[in-house]
Every structure is written in structure tokens, then in C-alpha cells.
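Sequence first, then the predicted structure:
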Amino acid sequence: MKRAELLRHLREHGCVFIREGGSHSWWAIQSRTIAPRLLATPKSMTTLPAKYATTLVSPLRGENADRHFASGIGFSTRDDGLNVMKRILLTGLLCGWSLAAGAAPRLTCAEPVHDFGVRADERELVRHAFVLRNEGTETLQIGEVKTTCGCTVARLASSALPPGGTTELAVTLNLTGRRGAQRKDIRVASNDPRQPELILTLQGAVEPDQQFVPATALFDHAPDAESPARTILLKTRRPARLVAARAGAEWVEVRAPTNATGTEFALEVAARAAAAEAGGRNSQVWVELDPAPAQPLALPVYWYVPEDIVIAPRDLVVPPRGAPGTRHLILRPGRIRAFQVRAVRAPDGIKTEVAPFGDGYRVRLHGDWSATAPDAQVIIETDAGGGREFAVPVRRMPVP
């Protein structure tokens, strides 16, 4: 047996490293009956001195056993001819013998894995109590209880268990915002020498009774452009009848298979308007089912109406004092897919440069902004729509 194997054997059988001596190592067994400190060096050893042998044997007789929790056996390493294998075997036998003869706590749980099944409401709290038991012959001390995330809270009723005693570990899992398969582990630390950490598990799944796939109808076209309808699937876990589907705004159109019965319904949703300002707008499609769900079914609809030409930033922020500075404007296609910049008019003292940038343009403005008027603007002239102009306001930073 090599040194690494011996050390692994000691740890697996509850031995704890104490310290290194001048020519030996000190190890202890976590047992109230006996804790021999065993030699684990690659040197030969002598026979066991009588005083240490007495320390080893007397606790096993049951008299004053508790006083020997921190006592142990020390081995010198003088070269007397004993080979390394004999020392290793003796060390392993002493470690195993003391564990078998000594008393120790033992933490167990009859059902370490709890399956909470399939939950439909993601706002629901899953509660379960794990029953912990001490099947050892010494008092069990439960230490830190760790959960895998903040969504899981664990509360222990009692941290000290006598032999044969039980306690409950109450666990609460918050399913808010969670979908699909769920698995959460709870790690319980104790003074059980054979199993210092017990792992408990909560597992299950969150599948709502009704859900839209995809969850939102998104549109990003111009008002006068042809809008293809989005197909949204409404899926239910149980058969239902689709009573009606109605739009929450005039610009939303919806077609649905009313009076159909099943577990999946295809909704055709479109966003159309003769004219609309640039920017985003929101609405819903409301769906009625029979039997009615616990919560109203609403499909979110979002329509982003692009600008004719997208200019970023929307305004130029310039320094408050007269230090020269450089600012840039980026122009990209919006509703108008192809355009050219004919000219840029900037405040006095500001030089301009226009260069292609991707599918648009970049405008560089450099100079002294100190003389810029409070209502100054940068005017960009394009060839779109017969020569449309776009104004970008200039905003001065406040004086600190």
C-alpha cells in the first residue's frame, strides 16, 4: 500500500489529520470512545510503548471513555528493522478496529428525494418536510444547511438529536418565473463521521395549464407595409373549447377557430394601421376558454414602428465650456431603405465630415461649441422624399 492509498483509507474511515511531528504524523479518529493518532510516514517504526498501548485499550472497557475523545496513540520512527508494509497494516487495523468498537452518530433520511410532480401555477410554493433521524449511538449535531439558490428556504426544527431521535427539515421552494424541469438540492452538514454531508433533493416540473407559443406576438414593420400574420399556438394540458378571441386595440387583428375543442389552437395575429407614429406600442389578445381558466388568458402584442431614417443619438450633448470637442451622428435606414446624405448644416465654428458607415452614414462634427446657441440644431439634408431634412437638437451640458 502506497502512502497516498493509506491517507485515503484513513480519511474514508473517519480519521482526521492533526499535525506533522518531527519524524511522524498525528491522526485522530472522530469517536467519543477512542481517537488514536496514527503514524503515516514512509519510515519504519518500533513496537508500541506500553503507556500508549494502555491508552488504546482502557477506553474500550467502557470506564471513563468520554475523557479519551482527544487522546490517541503516538508512534516513534526509529529504525528497528520493521518494514514499511507492517507499519501500514498495523495503522489500518488500528483505525478500522477503533471505528468498529467506538460509538458514533449516524444521520439518515428515509426519503432523501421528494418529487412534487407537475405544478401548473408558477406562483405556487412547494412545501415539504424531510424527516432526519439519528441511527447512531452518540448525539448527532447538525451544522450548516445549504440550498442551491435563493428560491429554496430550509428551516431545521432541532440541530441536536440523541440516538434514535428525529427532527424535521422544512423546505419551501418558490416557483415564481420557473418553467420546465426543476431540481433543487439541500446539503446538510453534521458530525456523522461516515457521511459528513447528506444531500436531499426536491424535484418536479412547472407546466402551466395554458400557454402561448411563442409567448409574445412581435412586429417591426412600417404602418403602410404589408404585415404577415404571426401564428401563435395556444396549448392546454386538458381539452377545452375556444369560446372567443378578441383584440385589445384597433391596430391588432386576430383570427381564431372559435367553438373548436382540443388541446391546441392556432391564432392568426396581425398588426395593421394606415398611419402610426414611430416608436413602440403594446396591446393584448384576450382568449376565452370553456372551462374558464383560473386567470384570464392574454397574449402580449408588441409593435415597433420604425422611423423613416434612424439617427443616433437623438440629440447632441456638448461640453459647457469652450474646449474643442468632437461628436458623431450615425444614420441608418428605417422605413426608407435607401437614401443619400446631400449636406449637413452645423452651428457656426463646427466642421462636418460625412462618410459611408455600413448601410448608412457617419457624420463627424468637430469644433468649439462654446458659441452654440441654446436652440441650435444640426440639419441633415437627404434625397429621401424629394429632399427631406432631419433636425438633431444640440444640448449643452450643465456647468458643474
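Perfect, thanks for sending it. Bear in mind that the values here come from a model prediction, so they are computed numbers and not experimental data.

wouldn't Arg178 be in contact with Val206 here?
Yes: judged on Cβ atoms under 8 Å, Arg178 makes contact with Val206 at a distance of 5.1 Å. Where you see a C-beta, it was placed from the backbone N, CA and C, and this is true even at glycine.

more crowded one of the two?
Val206 (20 against 14; other Cβ atoms under 10 Å).

who touches the more buried one in this structure?
Counting by Cβ atoms under 8 Å, 6 or more residues apart in numbering, Val206 makes contact with Val118, Arg119, Ala120, Glu122, Leu175, Arg178, Arg179, Gly180, Gln182.

Show the contacting residues for the fifth one.
When you say that, I think you mean Leu175. Contacts here follow Cβ under 8 Å, 6+ apart; on that basis Leu175 touches Arg119, Asp121, Glu122, Arg123, Glu124, Leu125, Val126, Cys151, Gln182, Val206.

residue contacts, the residue lying closest to Gly360 once chain neighbours are set aside?
Using Cβ to Cβ, 6 or more residues apart in numbering and skipping the chain neighbours, the partner closest in space to Gly360 is Arg332 (4.0 Å). Counting by Cβ under 8 Å, 6+ apart, Arg332 touches Ile309, Val310, Ala312, Gly358, Asp359, Gly360.

Could you rerun that using 10 Å?
With contact set as Cβ atoms under 10 Å, 6 or more residues apart in numbering, Arg332 has these partners: Pro306, Glu307, Ile309, Val310, Ile311, Ala312, Phe339, Phe357, Gly358, Asp359, Gly360, Tyr361.

Can you classify the fifth one by secondary structure?
Secondary structure of Ile311, reduced to three states by DSSP: H, G, I helix; E, B strand; the rest coil: strand.

host element of the closest residue to it other than its chain neighbours?
Among residues not flanking Ile311 along the chain, Leu331 sits closest, at 5.5 Å (Cβ to Cβ, 6+ apart). In the assignment (DSSP states H and E), Leu331 maps to strand 324-333.

quick one: strands adjacent to that strand?
Applying DSSP bridges, strand 324-333 is found paired with strand 309-312 (antiparallel), strand 360-368 (antiparallel).

which residues does Leu140 contact?
Counting by Cβ under 10 Å, 6+ apart, Leu140 makes contact with 104-108, 132-134, 158-163, 165, 167, 190-192.

what's the pLDDT at it?
Here the pLDDT value assigned to Leu140 is 95.

what bridges to it?
Under the criterion used (DSSP bridges), Leu140 bridges to Leu161.

just Arg155 next, same as before
Taking DSSP bridges as the rule, Arg155 bridges to Ala170.

so what's it up against?
Arg155 neighbours (Cβ under 10 Å, 6+ apart): Ala129, Val145, Glu168, Leu169, Ala170, Val171, Thr172.

What's the end-to-end length of stretch 147-167?
End-to-end distance for stretch 147-167: 18 Å, by Cα to Cα, to the nearest Å.

Please identify the buried residues of it?
By neighbour count on 16 or more other Cβ atoms under 10 Å, the buried set for stretch 147-167 is Thr147, Cys151, Thr152, Ala154, Leu161, Thr167.

Farthest-apart pair in those residues, please.
Put simply, by Cβ to Cβ the two of the buried residues of stretch 147-167 set farthest apart are Cys151 and Leu161, 27.8 Å from each other.

any weak-confidence spans in the stretch 101-250 of the chain?
Residue ranges of the stretch 101-250 of the chain with pLDDT under 70: 101-102, 122, 223-226.

try it again with 50
101 (pLDDT under 50).

how about the helices of it, start to end?
Applying DSSP state H, counting those that start in this stretch to the stretch 101-250 of the chain gives no helices.

what's the residue nearest the centre of the chain in contact with, if anything?
Of all residues in the chain, the one closest to the mean position by Cα atoms, centre = their mean is Cys149, 7.1 Å from it. By Cβ under 10 Å, 6+ apart, the residues touching Cys149 are Leu173, Asn174, Lys184, Asp185.
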